[in-house]
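Undergrad: Here is a sequence with its predicted model. Questions after.
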Amino acid sequence: MPNTSALFTLNRRKFLVGMSGALGLAMLPPWAKAVAASQDRLKTLKTGAATFSLEPDGPEAVSGAWGYNEQIPGPLLRYRQGDRLKVVLRNGLDQDTTIHWHGIRLPNAMDGVPYVTQPPVEPGDEFEYAFDLPDAGTYWYHPHLNATEQLGRGLSGPLVIDEPEPYPADRDLLWFLDDWLLDQDARIVESFNEIRDITHEGRIGNTITVNGRLPHAIKVRPGERLRVRLINGANGRIFSLTFGDLPVHVIALDGQPVEPHEPDQGRVLLGPAMRADLIIDCTGDDGRTVAVEDSFQAGREFELMTLEFSGPAVDRDDRQTPPPALPANPVPEPVLDDAEQHEVVFGGGMRGDLDRQKMMEMRRHGLAWTVNGEPVHDNGKHEHDPLFILERDRSYRIVFRNETEFHHPIHLHGHHFRVIARNGEKLAIKPLRDTMLMDPRETVEIAFVADNPGDWMLHCHILEHQVGGMNGMFRVRG
Ligand SMILES: [Cu+2]
């Protein structure tokens, strides 16, 4: 087992107890039940205080959390492709909120960005979201207002849209990953928007959860083919996951189908807000255990989940390898030949290129990052001009230039884009995404059809970077 001491200082003991406790139980993962029971569609999401235990029936509850319908993570919303989502948001917080439906291609008025697409939902008020769901896939929802605190306290949940035909896997699992900054009494540390987090890699928690629980073991059958939907709901943490020697194929990224392929160097890299649908073939015999490990930070590796093989083997003779592709969603394909190009340059942060005086001045206002040379203050008042204005239904190339020493998951609202090149090298597989993780100093080229009119946000999804200036808007003329 890798060294976990750096990460689980607080919960290491409980974590180990939890692991050994889980080993003896033949239990279904909680999400297997939630998924099966989710067809009775929820109509209301109410924000408010929530308490949750890091272990099932654990005596110690996390305090200071906020949830939708008192659940951590929020309730699984599950629909079929083409369905209409109708959700009333009731705000039980003592501050404004909204819901952003991350990755859903929806009308601008439903995008949940305060002052841009709707007024903020004030305490005690409600707002009805209603829109069609054009794409199947794995998505999530969360506030788009005071996001560092509201997501940091737990407001976020999964949204799954099923393909018309069920995918041929034995089980469909969902792992909603999150991290929490807790003190010794399992209280959420209330130091949101710390300048150190803003200028570095965001707020990184000291406690990891999968579906609101500490890392734990689940039973799998020998030979079982799992579809695992990963969602990274953390404010700032990036995951880099390995799955022992099990055959793993990526079949979707950010909800959008991709040609099934083995992850690059065997690692699934997941920045904040990013999703991946994996097919994991549980090769091996009864009694085997395989660790799913994170090793994004050298020296801070930890075990995220454990797969315990038990029971009679699943017959795998008729299995296709690689696994079959998901049917494509109706996303328009950009035509690159004469596509107009725009560039967005991200700067700032610790050890960046900004001059010292500008950095000091920005810091005085809680800012550390620039978009095309200036910080864009996320004050919720929509006082910034669009970075670029696009004509409806035309194809565009956007070049993102990362002139910083940090990773940034850049998210575009209202559209999915093809990632076509990284550092000038054309990609063999050009995934459709809504969030692209840029490496430090990397240049990434994307392309998309601007088919959705409105003012859309374009920002880093490390929430402390967004609040620290790495934020922007682009306009698609209707
Ligand atoms: Cu960032």
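TA: Received, thanks.
Undergrad: Counting neighbours, what do you get for the residue lying closest to Asp94 once chain neighbours are set aside?
TA: Closest residue in space to Asp94, ignoring its immediate chain neighbours: Pro123 at 5.2 Å, by Cβ to Cβ, 6 or more residues apart in numbering. For the C-beta atoms, the positions are set from N, CA and C on the backbone; glycine is no exception. Around Pro123 there are 12 other residues, counting by other Cβ atoms under 10 Å.
Undergrad: Tell me how far Pro123 lies from the ion.
TA: Here the criterion is Cβ to the ion, to the nearest Å. By it, Pro123 lies 30 Å from the ion.
Undergrad: Repeat that for Glu343.
TA: Glu343 is 17 Å from the ion, by Cβ to the ion.
Undergrad: what's near enough to touch the nearest residue to that residue once chain neighbours are set aside?
TA: Among residues not flanking Glu343 along the chain, Val399 sits closest, at 4.5 Å (Cβ to Cβ, 6+ apart). Shown in contact with Val399 (Cβ atoms under 8 Å, 6 or more residues apart in numbering): 341-344, 443-445.
Undergrad: Would you agree Val399 falls within a strand?
TA: Yes - judged by DSSP: H, G, I helix; E, B strand; the rest coil, Val399 forms part of a strand.
Undergrad: What residues are bridge-paired with it?
TA: Glu343, Glu445 (DSSP bridges).
Undergrad: so what pLDDT did it get?
TA: On the pLDDT scale, Val399 is placed at 98.
Undergrad: What of the one 3 residues further on?
TA: Asn402 is assigned 98 on the pLDDT scale.
Undergrad: how many neighbours does it have?
TA: Asn402: 23 surrounding residues under other Cβ under 10 Å.
Undergrad: Pull out the buried positions in stretch 250-263.
TA: By 16 or more other Cβ atoms under 10 Å, the buried positions in stretch 250-263 come out as 250-258, 260, 263.
Undergrad: So what touches that stretch?
TA: So stretch 250-263 is contacted by 103, 135-139, 161, 167, 227, 247-249, 268-269, 274-279, 322-329, 331, 416, 429, 431-435 (Cβ under 8 Å, 6+ apart).
Undergrad: at 7 Å instead, please
TA: The contact list for stretch 250-263, computed with Cβ atoms under 7 Å, 6 or more residues apart in numbering, reads 103, 135, 137-139, 248-249, 268, 274-279, 322-323, 325-329, 331, 416, 429, 431-435.
Undergrad: Over to that stretch now: how far is its first residue from its last?
TA: 6 Å (Cα to Cα, to the nearest Å).
Undergrad: Not counting its neighbours along the chain, what's nearest Glu303?
TA: Ala291 (4.8 Å).
Undergrad: wait, I meant Leu387
TA: Gly472 (4.7 Å).
Undergrad: For the one you found, which residues are in contact?
TA: By Cβ under 7 Å, 6+ apart, the contact set of Gly472 is 371, 376, 384, 387, 458-459.
Undergrad: Just give me the neighbour total for Gln341.
TA: Neighbours of Gln341 under the rule other Cβ under 10 Å: 12.
Undergrad: Please shift the residue numbers so they start at 5 in all later answers.
TA: Renumbered: residue one is now 5, and that last one reads Gln345.
Undergrad: Verify the stated contact: it with Phe404.
TA: No - assessed by Cβ atoms under 7 Å, Gln345 is found out of contact with Phe404, at 11.7 Å.
Undergrad: Alongside the ion, which residues does the protein contribute?
TA: 412, 464, 466, 469, 474 (Cβ under 5 Å from the ion).
Undergrad: One more pass at 8 Å, please.
TA: 206, 350, 353, 373, 408, 410-414, 464-466, 469-470, 474 (Cβ under 8 Å from the ion).
Undergrad: which among the residues you listed end up buried?
TA: For the residues of the chain next to the ion, buried by 16+ other Cβ under 10 Å: 206, 350, 353, 373, 408, 410-414, 464-466, 469-470, 474.
Undergrad: Take those and keep only those in strands.
TA: Among those, the members falling in strands (DSSP state E) are 350, 373, 412-414, 464.
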